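Visitor: Dropping a prediction and its sequence here:
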Amino acid sequence: MQPPPRQVKLTQEVKVHLAEQFSSLQNKQQREQELLEDIRSYSKQRSAIEREYGQALQRLASQFQKREWQRGWSVTNDSRSIFAAWKSMMDGTTSLGHARVAASETYRTVSTEAVKTSRLSKEHLFKKGMEQLLNIQAELQETVKEVSKTKKHYIHIERANEVTKEKAADVDARLRKSDHGIFHTKASLQKLSAKVLDGDLYERLRDQLTLINKTELEVCQSTQEFFQILYDESAKVMNTTTV
């Protein structure tokens, strides 16, 4: 009995699988681009907020540092008075304003440079990966054709001589093994292609998120340390005013 032809079936299965894989990779790349855009937009808006907040703190402290009662007054001779504690608080508020403005520059860098670089790199890697994927597709389909051609050749021999049935069976077993190998290659193709497409994107994303969180931690730590000092100094305030 003549076995059913497998060339069309194998080739069609390969085409369908690769089309699904290509669509999956495109969706993955689209999600990553949207994430990059969100990071860029967040960093840009956060930069504006930090700058506005930092400058507002500086303006606020500045108006209280210019009060008439502070003129000619030396904190060194009155370090434990309520006036000294107040002046330290205003000086610290100014410093915190500078820290927030500096933080805004970090967010601006993430928005305008680092994320942009990552996005461009991602687009380049995607194009490069697609080229490699198309080459692998062509090689895979060519392999399917070669396997089918080999089986057809041995089927022809089987018709001509019954003695070759044993060889045809052996070839069929090897064909099934080859089919498994082909689809095993297809299964690993997605993993390989994804690796090519990703490149160092996730390392870049990790660096950007780490930088954002590190910036906020440093500002918060600086704020905590400063106000801890003010808290301790305020607890020691005593009335040193002489009438």
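Guide: Thanks, I have the structure now. Residues are numbered from 1 along each chain as shown.

Visitor: where do the helices sit along this structure?
Guide: In the chain, the segments counted as helices under DSSP state H are 7-65, 82-109, 115-160, 165-198, 201-235.

Visitor: so how many other residues sit close to Ala102?
Guide: 15 (other CB atoms under 10 Å). In short, each C-beta sits where N, CA and C put it, glycine included.

Visitor: Could you do Gln141 as well?
Guide: Neighbours of Gln141 (other CB under 10 Å): 16.

Visitor: what pLDDT does it get?
Guide: According to the prediction, Gln141 has pLDDT 70.

Visitor: I'd like the distance between the spatially closest residue to Arg46 that is not a sequence neighbour and Glu113.
Guide: If the residues on either side of it in the chain are set aside, Arg46 comes closest to Tyr107, at 4.7 Å by CB to CB, 6 or more residues apart in numbering. Distance, Tyr107 to Glu113, by CB to CB, to the nearest Å: 11 Å.

Visitor: Return every residue with contacts to both of the two.
Guide: Jointly contacting Tyr107 and Glu113 under the rule CB atoms under 8 Å, 6 or more residues apart in numbering is no residue at all.

Visitor: Tell me who's in contact with the residue nearest to Arg46.
Guide: Counting by CB under 8 Å, 6+ apart, Tyr107 makes contact with Ser43, Lys44, Arg46, Ser47, Glu50, Ile212, Thr215.

Visitor: Which members of these define the maximum pairwise distance?
Guide: Lys44 and Thr215 (14.4 Å; CB to CB).

Visitor: The two: who's more crowded?
Guide: Thr215 (21 against 16).

Visitor: weakest of the helices of the chain in terms of mean pLDDT?
Guide: The minimum mean pLDDT among the helices of the chain belongs to helix 165-198 (a mean of 54).

Visitor: Neighbours of the nearest residue to Phe226 once chain neighbours are set aside, how many?
Guide: The shortest distance from Phe226 to any non-neighbouring residue, by CB to CB, 6+ apart, is to Gly92 (4.9 Å). Neighbours of Gly92 under the rule other CB under 10 Å: 18.

Visitor: tell me the contacts of Gly92?
Guide: Phe226, Phe227, Leu230.

Visitor: Which among these count as buried?
Guide: By neighbour count, with 16 or more other CB atoms under 10 Å, the contacts of Gly92 hold Phe226, Leu230 as buried.

Visitor: could the contacts of Gly92 be laid out in a markdown table, adding distance to Gln208?
Guide: Putting those into a markdown table (distance: CB to CB, whole Å) gives the following:
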| residue | distance to Gln208 |
| --- | --- |
| Phe226 | 28 |
| Phe227 | 29 |
| Leu230 | 34 |
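
Visitor: quick one: which of the contacts of Gly92 is nearest Tyr202?
Guide: Phe226 (36.1 Å).

Visitor: ok, the closest one touching Thr94?
Guide: No: taking contacts as CB atoms under 8 Å, Phe226 lies outside contact range of Thr94: 11.0 Å.

Visitor: that older thread, measure the residue nearest to Arg46 to Lys116 for me?
Guide: Noted for Tyr107: a distance of 14 Å to Lys116, by CB to CB.

Visitor: likewise Gln12?
Guide: Noted for Gln12: a distance of 42 Å to Lys116, by CB to CB.

Visitor: for Met89, same thing?
Guide: In terms of CB to CB, Met89 sits 40 Å off from Lys116.

Visitor: Which one's more surrounded, those two?
Guide: Higher neighbour count among Met89 and Lys116: Met89, with 17 against 13, using other CB under 10 Å.

Visitor: Which residue, other than its chain neighbours, is closest to the more buried one?
Guide: The nearest residue in space to Met89 (CB to CB, 6+ apart) is Leu230, at 5.7 Å.
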